[in-house]
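Asks: I would like to see how this sequence folds:
(one chain, ligands or ions: 1)
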Amino acid sequence: MSEVVLIEELVSTVQVEQRKDVTLSVDSSSPRLTPFVKWAGGKGSLVRHLLPFVPSALANYYEPFLGGGAIFLAVCRRDTKFKAFLSDTNPELINAYKIVKSLPSDLVRSLSNLRRRYKSTPNKEDFYYEIRAWEPTGSIERAARFIFLNKTCYNGLYRVNPKGEFNVPFGHHMNPKIFDENNVAAVSKALRETHATLRTIDYRKATTACQKGDFVYFDPPYHPSSETSSFTDYTPKGFREEDQKELSKVFANLVRRGCRVLLSNSNTRLVRELYDDYSRKNILVNRPINCVGTGRKGFRELIVVGHLNQTSLTD
Ligand SMILES: C[S@@+](CC[C@H](N)C(=O)[O-])C[C@H]1O[C@@H](n2cnc3c(N)ncnc32)[C@H](O)[C@@H]1O
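Replies: Purely as a prediction, here's the structure:
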(Lines give C-alpha, C1' and ligand atoms only; values in the text may rest on other atoms or scores of the structure.)
Protein backbone atom coordinates (compact mmCIF):
# COMPACT_ATOMS: atom_id res chain seq x y z
CA MET A 1 0.00 0.00 0.00
CA SER A 2 1.42 3.43 -0.89
CA GLU A 3 2.16 6.01 1.77
CA VAL A 4 -0.53 8.31 0.38
CA VAL A 5 -3.18 5.60 0.65
CA LEU A 6 -2.13 4.79 4.19
CA ILE A 7 -2.37 8.45 5.14
CA GLU A 8 -5.77 8.80 3.50
CA GLU A 9 -6.93 5.75 5.41
CA LEU A 10 -5.70 7.27 8.63
CA VAL A 11 -7.39 10.62 7.95
CA SER A 12 -10.71 8.94 7.23
CA THR A 13 -10.40 6.80 10.36
CA VAL A 14 -9.76 9.92 12.41
CA GLN A 15 -12.83 11.54 10.87
CA VAL A 16 -15.00 8.51 11.55
CA GLU A 17 -13.75 8.32 15.12
CA GLN A 18 -14.58 11.98 15.56
CA ARG A 19 -18.18 11.42 14.62
CA LYS A 20 -18.58 8.96 17.50
CA ASP A 21 -19.95 10.57 20.60
CA VAL A 22 -17.04 10.11 22.97
CA THR A 23 -17.15 12.01 26.24
CA LEU A 24 -13.96 13.15 27.84
CA SER A 25 -14.08 11.60 31.28
CA VAL A 26 -12.00 13.59 33.67
CA ASP A 27 -11.03 12.92 37.21
CA SER A 28 -11.14 16.53 38.37
CA SER A 29 -9.58 15.70 41.72
CA SER A 30 -6.45 14.62 39.88
CA PRO A 31 -3.41 16.69 40.86
CA ARG A 32 -1.95 16.52 37.34
CA LEU A 33 -0.88 19.78 35.74
CA THR A 34 2.35 19.14 33.90
CA PRO A 35 3.65 19.73 30.35
CA PHE A 36 1.80 17.73 27.71
CA VAL A 37 4.97 17.66 25.60
CA LYS A 38 8.48 16.53 26.45
CA TRP A 39 10.60 19.55 25.57
CA ALA A 40 14.34 20.04 25.12
CA GLY A 41 15.43 22.35 27.92
CA GLY A 42 12.14 21.72 29.77
CA LYS A 43 12.22 23.23 33.25
CA GLY A 44 10.40 20.48 35.17
CA SER A 45 13.50 19.77 37.26
CA LEU A 46 14.06 23.47 38.02
CA VAL A 47 10.57 24.33 39.22
CA ARG A 48 11.52 24.35 42.89
CA HIS A 49 14.41 26.74 42.19
CA LEU A 50 12.48 29.12 39.92
CA LEU A 51 9.05 29.24 41.52
CA PRO A 52 10.16 31.24 44.61
CA PHE A 53 11.09 34.09 42.23
CA VAL A 54 7.63 34.28 40.68
CA PRO A 55 5.65 36.80 42.75
CA SER A 56 2.57 35.30 44.37
CA ALA A 57 0.39 38.32 43.57
CA LEU A 58 0.33 38.50 39.79
CA ALA A 59 -1.76 40.45 37.31
CA ASN A 60 -0.05 39.62 34.03
CA TYR A 61 2.29 36.66 33.44
CA TYR A 62 4.40 36.56 30.25
CA GLU A 63 6.29 33.49 29.08
CA PRO A 64 7.68 34.24 25.59
CA PHE A 65 9.86 31.09 25.19
CA LEU A 66 7.04 28.79 26.19
CA GLY A 67 8.19 25.28 25.14
CA GLY A 68 6.56 22.75 27.47
CA GLY A 69 5.54 25.55 29.85
CA ALA A 70 6.75 23.78 33.01
CA ILE A 71 6.98 27.03 35.00
CA PHE A 72 3.65 28.43 33.79
CA LEU A 73 1.95 25.19 34.86
CA ALA A 74 3.75 25.20 38.21
CA VAL A 75 2.52 28.75 38.80
CA CYS A 76 -1.01 27.59 37.89
CA ARG A 77 -0.75 24.86 40.55
CA ARG A 78 -0.52 27.73 43.08
CA ASP A 79 -3.47 29.65 41.62
CA THR A 80 -4.81 30.88 38.30
CA LYS A 81 -5.82 34.39 39.30
CA PHE A 82 -3.75 36.13 36.65
CA LYS A 83 -3.76 36.70 32.90
CA ALA A 84 -1.27 34.66 30.88
CA PHE A 85 0.49 35.80 27.71
CA LEU A 86 2.18 32.73 26.29
CA SER A 87 4.17 32.56 23.08
CA ASP A 88 6.85 30.74 21.16
CA THR A 89 8.10 30.86 17.57
CA ASN A 90 7.14 27.22 17.01
CA PRO A 91 3.77 27.30 15.19
CA GLU A 92 3.00 23.60 15.75
CA LEU A 93 3.57 23.97 19.49
CA ILE A 94 1.32 27.02 19.74
CA ASN A 95 -1.36 25.35 17.65
CA ALA A 96 -1.27 22.41 20.09
CA TYR A 97 -1.72 24.76 23.08
CA LYS A 98 -4.65 26.47 21.36
CA ILE A 99 -6.35 23.13 20.78
CA VAL A 100 -5.62 21.93 24.33
CA LYS A 101 -7.19 25.15 25.56
CA SER A 102 -10.34 25.21 23.48
CA LEU A 103 -10.99 21.70 22.13
CA PRO A 104 -9.50 19.21 24.62
CA SER A 105 -12.12 16.51 23.99
CA ASP A 106 -11.59 16.60 20.22
CA LEU A 107 -7.86 16.45 20.76
CA VAL A 108 -8.14 13.45 23.09
CA ARG A 109 -10.32 11.68 20.51
CA SER A 110 -7.77 12.25 17.78
CA LEU A 111 -4.89 11.24 20.05
CA SER A 112 -6.75 8.12 21.21
CA ASN A 113 -7.10 7.09 17.60
CA LEU A 114 -3.38 7.53 16.93
CA ARG A 115 -2.49 5.70 20.13
CA ARG A 116 -4.81 2.78 19.33
CA ARG A 117 -3.31 2.44 15.86
CA TYR A 118 0.23 2.75 17.21
CA LYS A 119 -0.30 0.11 19.92
CA SER A 120 -1.92 -2.35 17.55
CA THR A 121 0.53 -2.09 14.67
CA PRO A 122 3.37 -4.63 14.65
CA ASN A 123 5.70 -2.18 12.91
CA LYS A 124 5.73 0.91 15.11
CA GLU A 125 8.62 2.48 13.29
CA ASP A 126 6.79 2.43 9.94
CA PHE A 127 3.72 3.88 11.60
CA TYR A 128 5.83 6.67 13.11
CA TYR A 129 7.23 7.61 9.67
CA GLU A 130 3.76 7.43 8.16
CA ILE A 131 2.49 9.97 10.71
CA ARG A 132 5.62 12.06 10.28
CA ALA A 133 4.87 12.31 6.53
CA TRP A 134 1.23 13.12 7.14
CA GLU A 135 0.30 16.76 6.46
CA PRO A 136 -3.08 17.30 8.10
CA THR A 137 -4.78 20.59 7.37
CA GLY A 138 -7.18 20.52 10.32
CA SER A 139 -5.81 22.13 13.47
CA ILE A 140 -7.03 19.31 15.76
CA GLU A 141 -5.22 16.66 13.70
CA ARG A 142 -2.16 18.90 13.47
CA ALA A 143 -2.08 19.13 17.26
CA ALA A 144 -2.58 15.37 17.67
CA ARG A 145 0.16 14.60 15.14
CA PHE A 146 2.51 17.03 16.89
CA ILE A 147 1.95 15.49 20.34
CA PHE A 148 2.13 11.93 18.99
CA LEU A 149 5.46 12.62 17.23
CA ASN A 150 6.82 14.43 20.30
CA LYS A 151 6.21 11.33 22.44
CA THR A 152 7.43 8.73 19.96
CA CYS A 153 10.38 10.50 18.31
CA TYR A 154 13.99 10.43 19.40
CA ASN A 155 14.39 12.15 22.78
CA GLY A 156 11.31 14.38 22.40
CA LEU A 157 13.29 16.61 20.07
CA TYR A 158 11.83 19.18 17.74
CA ARG A 159 13.95 19.73 14.66
CA VAL A 160 12.98 20.74 11.16
CA ASN A 161 14.81 20.67 7.83
CA PRO A 162 15.31 23.83 5.73
CA LYS A 163 11.86 23.29 4.23
CA GLY A 164 10.35 23.40 7.71
CA GLU A 165 9.53 19.66 7.74
CA PHE A 166 9.87 17.80 11.02
CA ASN A 167 12.80 15.42 10.56
CA VAL A 168 13.53 13.77 13.92
CA PRO A 169 13.94 9.97 13.65
CA PHE A 170 11.90 7.33 15.46
CA GLY A 171 12.61 7.09 19.19
CA HIS A 172 12.37 3.31 19.83
CA HIS A 173 10.66 3.88 23.18
CA MET A 174 9.44 0.70 24.84
CA ASN A 175 6.03 1.90 25.92
CA PRO A 176 5.63 5.63 25.37
CA LYS A 177 2.89 7.42 27.27
CA ILE A 178 1.52 9.44 24.39
CA PHE A 179 -0.88 11.51 26.45
CA ASP A 180 -2.72 11.63 29.74
CA GLU A 181 -6.35 12.56 29.38
CA ASN A 182 -6.60 14.02 32.89
CA ASN A 183 -3.55 16.15 32.35
CA VAL A 184 -4.85 17.47 29.02
CA ALA A 185 -8.06 18.45 30.82
CA ALA A 186 -6.15 20.08 33.69
CA VAL A 187 -3.88 22.07 31.33
CA SER A 188 -6.93 23.12 29.31
CA LYS A 189 -8.62 24.37 32.48
CA ALA A 190 -5.51 26.32 33.53
CA LEU A 191 -5.25 27.95 30.08
CA ARG A 192 -8.91 28.94 30.18
CA GLU A 193 -8.83 30.18 33.78
CA THR A 194 -5.83 32.40 33.03
CA HIS A 195 -7.50 33.61 29.79
CA ALA A 196 -4.28 32.62 28.08
CA THR A 197 -3.36 34.53 24.95
CA LEU A 198 -1.36 32.13 22.76
CA ARG A 199 0.72 33.55 19.95
CA THR A 200 3.35 32.35 17.48
CA ILE A 201 5.72 35.29 17.71
CA ASP A 202 9.26 36.28 18.50
CA TYR A 203 9.97 37.08 22.18
CA ARG A 204 10.69 40.75 21.35
CA LYS A 205 7.27 41.30 19.87
CA ALA A 206 5.68 39.29 22.69
CA THR A 207 7.04 41.65 25.35
CA THR A 208 6.62 45.08 23.76
CA ALA A 209 3.34 45.71 25.59
CA CYS A 210 4.67 44.71 29.05
CA GLN A 211 4.04 47.31 31.71
CA LYS A 212 5.22 48.13 35.20
CA GLY A 213 4.48 45.27 37.58
CA ASP A 214 4.04 42.65 34.87
CA PHE A 215 5.99 39.44 35.34
CA VAL A 216 8.12 38.00 32.52
CA TYR A 217 9.90 34.64 32.54
CA PHE A 218 12.54 34.14 29.84
CA ASP A 219 13.79 30.64 29.15
CA PRO A 220 15.65 31.05 25.85
CA PRO A 221 17.40 28.29 23.95
CA TYR A 222 20.57 27.60 25.88
CA HIS A 223 23.78 29.32 25.08
CA PRO A 224 25.86 26.22 24.20
CA SER A 225 28.69 25.37 26.53
CA SER A 226 30.71 23.90 23.67
CA GLU A 227 31.10 24.61 19.96
CA THR A 228 29.82 21.15 19.07
CA SER A 229 26.57 21.36 21.00
CA SER A 230 23.53 21.56 18.76
CA PHE A 231 21.17 22.07 21.67
CA THR A 232 19.99 25.44 20.38
CA ASP A 233 18.64 24.14 17.08
CA TYR A 234 14.98 24.60 17.99
CA THR A 235 14.17 26.51 14.81
CA PRO A 236 15.62 26.58 11.29
CA LYS A 237 17.55 29.71 12.32
CA GLY A 238 18.72 28.65 15.78
CA PHE A 239 19.49 31.08 18.59
CA ARG A 240 23.01 32.41 18.30
CA GLU A 241 25.37 34.48 20.41
CA GLU A 242 24.04 37.70 18.87
CA ASP A 243 20.54 36.65 19.91
CA GLN A 244 21.70 36.06 23.49
CA LYS A 245 23.19 39.56 23.53
CA GLU A 246 20.04 41.10 22.15
CA LEU A 247 17.92 39.23 24.70
CA SER A 248 20.00 40.71 27.53
CA LYS A 249 19.14 44.20 26.20
CA VAL A 250 15.44 43.37 26.09
CA PHE A 251 15.77 42.02 29.66
CA ALA A 252 17.45 45.27 30.84
CA ASN A 253 14.83 47.37 29.12
CA LEU A 254 11.97 45.53 30.82
CA VAL A 255 13.65 45.87 34.23
CA ARG A 256 14.01 49.62 33.60
CA ARG A 257 10.30 49.78 32.78
CA GLY A 258 9.50 48.30 36.21
CA CYS A 259 8.64 44.78 35.06
CA ARG A 260 9.56 41.83 37.25
CA VAL A 261 11.82 39.69 35.09
CA LEU A 262 13.22 36.21 35.64
CA LEU A 263 15.56 34.36 33.27
CA SER A 264 17.20 30.95 33.16
CA ASN A 265 20.04 29.93 30.88
CA SER A 266 23.16 27.82 30.86
CA ASN A 267 25.88 29.11 33.16
CA THR A 268 28.48 30.08 30.56
CA ARG A 269 30.94 32.96 30.63
CA LEU A 270 28.92 34.92 28.09
CA VAL A 271 25.67 34.57 30.05
CA ARG A 272 27.38 35.55 33.32
CA GLU A 273 28.83 38.63 31.64
CA LEU A 274 25.55 39.65 30.03
CA TYR A 275 23.70 39.58 33.36
CA ASP A 276 26.51 40.78 35.57
CA ASP A 277 24.38 43.67 36.94
CA TYR A 278 21.64 41.48 38.37
CA SER A 279 20.99 39.06 41.19
CA ARG A 280 21.95 35.59 40.08
CA LYS A 281 21.84 32.08 41.40
CA ASN A 282 23.84 29.05 40.24
CA ILE A 283 22.08 25.72 40.05
CA LEU A 284 23.57 22.32 39.35
CA VAL A 285 21.09 20.23 37.41
CA ASN A 286 21.42 16.54 36.85
CA ARG A 287 19.94 15.97 33.42
CA PRO A 288 20.83 15.68 29.73
CA ILE A 289 22.23 18.87 28.32
CA ASN A 290 22.02 18.39 24.63
CA CYS A 291 19.66 17.10 22.05
CA VAL A 292 21.55 13.92 21.32
CA GLY A 293 21.23 12.80 24.91
CA THR A 294 24.93 12.66 25.60
CA GLY A 295 26.52 14.61 28.42
CA ARG A 296 24.06 13.24 30.96
CA LYS A 297 25.95 14.62 33.87
CA GLY A 298 25.77 17.73 36.01
CA PHE A 299 24.85 20.84 34.08
CA ARG A 300 25.31 24.33 35.43
CA GLU A 301 22.32 26.60 35.04
CA LEU A 302 22.08 30.29 35.88
CA ILE A 303 18.97 31.97 37.22
CA VAL A 304 18.86 35.76 36.85
CA VAL A 305 16.37 37.82 38.83
CA GLY A 306 15.98 41.31 37.38
CA HIS A 307 13.56 42.63 39.99
CA LEU A 308 15.67 42.00 43.09
CA ASN A 309 18.32 44.40 44.27
CA GLN A 310 21.67 43.10 43.27
CA THR A 311 22.52 40.65 45.97
CA SER A 312 24.43 37.46 45.88
CA LEU A 313 21.68 34.85 46.14
CA THR A 314 22.78 31.82 48.08
CA ASP A 315 23.60 28.88 45.83
C1 LIG B 1 14.54 26.25 26.41
S2 LIG B 1 13.08 26.15 25.41
C3 LIG B 1 11.85 26.58 26.59
C4 LIG B 1 11.57 25.42 27.52
C5 LIG B 1 10.40 25.66 28.47
N6 LIG B 1 10.71 26.63 29.49
C7 LIG B 1 9.96 24.35 29.13
O8 LIG B 1 9.85 24.25 30.35
O9 LIG B 1 9.70 23.40 28.38
C10 LIG B 1 13.18 27.53 24.36
C11 LIG B 1 11.97 27.79 23.47
O12 LIG B 1 12.18 29.02 22.77
C13 LIG B 1 11.59 28.96 21.48
N14 LIG B 1 12.23 30.02 20.67
C15 LIG B 1 13.40 29.99 19.98
N16 LIG B 1 13.68 31.19 19.46
C17 LIG B 1 12.66 32.02 19.83
C18 LIG B 1 12.39 33.42 19.63
N19 LIG B 1 13.21 34.19 18.92
N20 LIG B 1 11.26 33.94 20.18
C21 LIG B 1 10.41 33.16 20.89
N22 LIG B 1 10.61 31.83 21.11
C23 LIG B 1 11.73 31.28 20.60
C24 LIG B 1 11.83 27.52 21.04
O25 LIG B 1 10.86 27.14 20.07
C26 LIG B 1 11.70 26.75 22.37
O27 LIG B 1 10.40 26.25 22.54
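Asks: Going along the chain, name the helices of the chain.
Replies: Counting by DSSP state H, the chain has these helices, from start to end: 3-19, 47-50, 70-78, 91-102, 104-120, 124-133, 139-152, 181-193, 203-206, 241-256, 269-274.
Asks: And the fourth one, what's buried?
Replies: This points to helix 91-102. 92-101 (16 or more other C-beta atoms under 10 Å). To be clear about C-beta, it is placed using only N, CA and C from the backbone, and glycine gets the same treatment.
Asks: and if you look at the fifth one?
Replies: Neighbour-count burial for helix 104-120, counted by 16+ other C-beta under 10 Å, picks out 104-115, 117-118.
Asks: who does that helix touch, helix- and strand-wise?
Replies: helix 3-19, helix 91-102, helix 124-133, helix 139-152, helix 181-193 (3 or more C-beta pairs under 8 Å, 6 or more residues apart in numbering; DSSP states H and E).
Asks: And those: which comes nearest residue 223?
Replies: Distance to residue 223, taken as C-beta to C-beta, is lowest for helix 91-102 among these, at 21.3 Å.
Asks: Give the burial count for residue 78, as a bare number.
Replies: 12 (other C-beta atoms under 10 Å).
Asks: Let me see the confidence value for it.
Replies: The per-residue pLDDT reported for residue 78 equals 96.
Asks: Now the two most distant members of the buried residues of helix 91-102.
Replies: 92 and 101 (15.1 Å).
Asks: Tell me the residues of the stretch 1-150 of the chain that contact the ligand?
Replies: Residues of the stretch 1-150 of the chain found near the ligand (C-beta under 6 Å from any ligand atom) are 35, 39, 41-43, 64-65, 67-70, 88-90.
Asks: Throw the buried residues of helix 91-102 into TSV and include pLDDT, thanks.
Replies: Formatted as TSV, the buried residues of helix 91-102 follow (pLDDT from 0 to 100):
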residue	pLDDT
92	97
93	98
94	98
95	98
96	98
97	98
98	98
99	98
100	98
101	98
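Asks: Between those residues, which sits nearest residue 142?
Replies: Nearest member of the buried residues of helix 91-102 to residue 142, counting by C-beta to C-beta, is residue 95, at 5.5 Å.
Asks: Can you name the residues that contact the closest one?
Replies: 139, 142-143, 146, 200 (C-beta atoms under 8 Å, 6 or more residues apart in numbering).
Asks: and if you look at residue 202?
Replies: Contacts of residue 202 (C-beta under 8 Å, 6+ apart): residue 89.
Asks: give me the number of residues near residue 133?
Replies: Residue 133: 13 neighbours (other C-beta under 10 Å).
Asks: Over to the one 5 residues further on?
Replies: Residue 138: 16 surrounding residues under other C-beta under 10 Å.
Asks: Residue 188 now?
Replies: Neighbours around residue 188, by other C-beta under 10 Å: 23.
Asks: Who's the closest spatial neighbour of it, skipping the chain neighbours?
Replies: Excluding the flanking residues, the one nearest residue 188 by C-beta to C-beta, 6 or more residues apart in numbering is residue 104, at 4.0 Å.
Asks: on that earlier part again, if you rank the residues of the stretch 1-150 of the chain next to the ligand by neighbours, which is first?
Replies: residue 69 (30 neighbours).
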